[in-house]
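Trainee: how would this look folded up:
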Amino acid sequence: MKVHFIAIGGSAMHNLAIALHKKGYQITGSDDAIFDPSKSRLEKYGLLPNTFGWDADKITSDLDAVILGMHAKGDNPELLKAQELGVKIYSYPEYLFEQSKLKSRVVIGGSHGKTTITSMILHVLHYHEKEVDYMVGAQLEGFETMVHLTEENDFMVLEGDEYLSSPIDLRPKFHLYQPNIALLSGIAWDHINVFKTFEDYVEQFKIFIDQVVAGGILIYNEEDPVVKEIVGASENQIRKIPYTTPDYTVEDGVAYLETEEGDMPLEIFGKHNLNNLAGAKWICQNMGIDEDEFYEAISSFKGASKRLEKISESNSAIVFKDFAHSPSKVKATTAAVKEQYTDKRLLACLELHTYSSLTPEFLVQYEGALKAANEAVVYYSAEALEIKGMKPLSEAQIKEAFKREDLKVFTKAEDFHKFIYAESLENTALLLMSSGNYGGLDFSVFVQSAK
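Mentor: Model prediction:
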């Protein structure tokens, strides 16, 4: 099979390219820029393009497929050439479905928790040497790639993202998978640049539920009122299994899960992660892993990459960075760290990195998101707003949105860096939340500070 990738350098795209290469496919690709870790990983497998940029001559009629990344534009010359020649064009999720048509598909959906839940499931299956195909949105310990494809495995585990599939396919990715087993973790308005109203956003999850194949299974978080409502309203002929947060305690910075065999210490913490664990357990049980086997394996799960990732710890200080940026994720992550370290001062820092989060209409969603922190900081780039032609925001607007008068607000990276580098971490839990990097923050500084 000859497959060409348009925008091969993306996090998801390059992992799929490597997976198909390892499966024996002949892979080519293009991109206008590729950065590490994608660049070095493609180079390792001989898949890095010789030059950057788009070249219509790379598209030939003998290609079996072209996979179009979301980063490419609708007028991309390679895309236009593929359309002209009639070469079959797939979006990333379309091709994953193509690879899993003859398998049992397990799809993890929801506004939050889906990467962690998918990671938990794969950790448990890997621990018990149960081989499955998969696609997950983070690099996992013990897994070389974020995508794995075979001919022989019976199951395909897929993280089900609700974002759009490609520039020419505006369906949410998780609408293309047709799950046999699905999970819905929660719904909190996200991707407001695409889904302009909450009702429109919720509609995508209704469609997801209705696309679970007849006779399939839907596992859902009963504690989320929106999820509970739309699952109850669905007339799809499937088995519906609710889950809730299990009982647990926290002692000396360690979370203990209450089980029939006694309290079991975990590497992870926070109510949201214990809720994720309950969902993952139901999925694993429906894939042939019994409860005792699940507990044995999950006790060693340390979390997905960039999800409450511990940078450093000493007797006095602990530092985490987290991918959290949406209001629900920020609130859950901040509350989890405070619950785990009640005796420490919690300094929570949030970068408003996405342009959609920097609109007055969406900012109000952050009300109370940093409430659990003893001290709270918000950083965003005023310059980035100006370049984008967006309306400037005032410090008063940010404080009003978060409903926190003592909130510290920084709009220049150098000012934020100066502040945070100078902070004493004595008896402190520092939480750095962002999908960006705070304008070039040197995270190694905090490794030294916490020692």
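Trainee: every contact and neighbour count from this point should use C-alpha atoms.
Mentor: Will do.
Trainee: for the helix or strand encompassing Ile283, buried residues please.
Mentor: Using DSSP states H and E, Ile283 falls within helix 271-285. By neighbour count on 16 or more other Cα atoms under 10 Å, the buried set for helix 271-285 is 271-284.
Trainee: contact partners of it?
Mentor: For helix 271-285, the surrounding residues in contact (Cα atoms under 8 Å, 6 or more residues apart in numbering) are 113, 116-118, 120-121, 124-125, 181, 183, 185, 219-221, 243-246, 290-291, 294, 332-333, 336.
Trainee: surely Leu347 is within a strand?
Mentor: Yes. Applying DSSP: H, G, I helix; E, B strand; the rest coil, one finds Leu347 inside a strand.
Trainee: I figured it hits Val378, correct?
Mentor: No. Leu347 lies out of contact with Val378 (Cα atoms under 8 Å); the separation is 11.0 Å.
Trainee: circling back: who are the packing partners of the helix or strand immediately after the helix holding Ile283 in the chain?
Mentor: For helix 271-285, the succeeding helix or strand toward the C-terminus, using DSSP H and E, is helix 291-298. Here helix 291-298 touches helix 114-127, helix 271-285, going by 3 or more Cα pairs under 8 Å, 6 or more residues apart in numbering; DSSP states H and E.
Trainee: chain center to whichever helix or strand comes after helix 291-298, what's the gap?
Mentor: Going down the chain from helix 291-298, the next helix or strand is strand 309-313, by DSSP H and E. Computed by Cα atoms, centre = their mean, to the nearest Å, the chain-centroid distance of strand 309-313 equals 19 Å.
Trainee: how about strand 309-313 as CSV, C-alpha atoms only?
Mentor: Provided in CSV are the C-alpha atoms of strand 309-313 (Å, rounded to 0.1, in the frame of the first residue of the first chain):
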residue,chain,number,x,y,z
GLU,A,309,2.9,15.7,35.4
LYS,A,310,5.1,16.0,38.5
ILE,A,311,8.2,18.1,37.6
SER,A,312,9.9,18.0,41.1
GLU,A,313,9.2,17.2,44.7
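Trainee: go ahead and name everything in contact with stretch 201-215.
Mentor: Outside stretch 201-215, the residues that touch it by Cα under 8 Å, 6+ apart are 110, 162, 172, 174-175, 178-182, 187, 189-190, 195, 218, 230-231, 234-239.
Trainee: now, those that are in strands?
Mentor: Mapping those onto strands (DSSP state E) picks out 172, 181-182, 218, 239.
Trainee: tell me the one among those residues nearest to Glu383.
Mentor: In terms of Cα to Cα, no member of the ones in strands among the contacts of stretch 201-215 lies closer to Glu383 than Pro172, at 31.4 Å.
Trainee: residue contacts, the closest one?
Mentor: Residues counted as contacts of Pro172 (Cα under 8 Å, 6+ apart) are 161-165, 204.
Trainee: farthest pair within the residues you listed?
Mentor: So, the contacts of Pro172 by Cα to Cα: farthest apart are Ser165 and Gln204, at 13.1 Å.
Trainee: between those two, tell me which one has more neighbours.
Mentor: Legend: neighbour count by other Cα atoms under 10 Å for Ser165 and Gln204, higher for Ser165 (23 against 17).
Trainee: any idea how far the more buried one is from Pro49?
Mentor: Computed with Cα to Cα, to the nearest Å, the distance linking Ser165 and Pro49 is 23 Å.
Trainee: and Ile219, by the same measure?
Mentor: Separation of Ile219 from Pro49 (Cα to Cα) stands at 42 Å.
Trainee: rewinding a little: among the contacts of helix 271-285, the buried ones, what's the ChimeraX command?
Mentor: With 16+ other Cα under 10 Å as the burial test, the buried ones among the contacts of helix 271-285 are selected in ChimeraX as follows:
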select :113,116,117,118,120,121,124,125,181,183,185,219,220,221,243,244,245,294,332,333,336
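Trainee: contacts for stretch 243-254?
Mentor: Stretch 243-254 is contacted by residues 219-223, 255-258, 265-267, 269, 271-272, 274-276, 278-279, 339-341 when judged by Cα under 8 Å, 6+ apart.
Trainee: nope, stretch 52-70 is what I meant
Mentor: Under the criterion Cα under 8 Å, 6+ apart, residues 1-8, 10, 13, 30-34, 76-79, 81-82, 85-92, 95, 164-167 lie in contact with stretch 52-70.
Trainee: that one: end-to-end distance?
Mentor: Start-to-end span of stretch 52-70 (Cα to Cα) is 17 Å.
Trainee: kindly report the same for stretch 315-332.
Mentor: Criterion Cα to Cα; first-to-last residue distance in stretch 315-332 is 25 Å.
Trainee: average model confidence for it?
Mentor: Mean pLDDT, stretch 315-332: 88.
Trainee: ok, and the closest non-adjacent residue to Tyr248?
Mentor: Distances taken as Cα to Cα, 6 or more residues apart in numbering place Leu257 nearest to Tyr248, at 4.5 Å, with adjacent residues excluded.
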